[in-house]
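*Asks:* for reference, the sequence and a predicted model appear below.
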Amino acid sequence: MRSLRILVVEDDTIVGLLLAELLEEMGHDVCAIEGTQTDAVAAAARCVPDLMIVDIGLSEGNGVSAVETIRRSEPIPYLYMSGDLSKIRALKPDAVALHKPFHEPDLAGAIQCALTSTAS
């Protein structure tokens, strides 16, 4: 897999940093880690990532709305992550989703699916 510029949207600072570290170990560049919907939208405009990894439950706003807002301007591939996949399935049944906690092979597979998926 080629190196990607990835935007991480996660309101738990520790989880965001650990995910960024894992992504960097996998050879990717994390262009930003944001914890709110507003900051995620601004970061996507600023760094135009190749992929977004987005937690659906944010303390301010939500990941689904962030993705929808960002994709109105740029068709950036994305995947959702959550400790409760039923929330994602209820809102976006066809979206690529990753259950937290996860392992590197699961993350790599989800990234590949998100890059080839046409889910909206």
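*Replies:* Nice, I can see it. Numbering: from 1, shown residues only.
*Asks:* would you say I76 is within a helix?
*Replies:* No: counting by DSSP: H, G, I helix; E, B strand; the rest coil, I76 falls outside a helix, being coil.
*Asks:* for it, give its distance to I6.
*Replies:* Plainly put, I76 is 10 Å away from I6 if you go by Cβ to Cβ, to the nearest Å. Just so you know, the C-beta spots here come from the backbone N, C-alpha and C atoms, and that holds for glycine as well.
*Asks:* hmm, which helix or strand of the chain has the shakiest average pLDDT?
*Replies:* helix 85-91 (a mean of 87; mean pLDDT, DSSP states H and E).
*Asks:* on contacts alone, who are the packing partners of it?
*Replies:* strand 97-99 (3 or more Cβ pairs under 8 Å, 6 or more residues apart in numbering; DSSP states H and E).
*Asks:* give me the contact list for the least confident helix or strand of the chain.
*Replies:* I56, G57, V64, Y80, S82, A95, A97, H99 (Cβ atoms under 8 Å, 6 or more residues apart in numbering).
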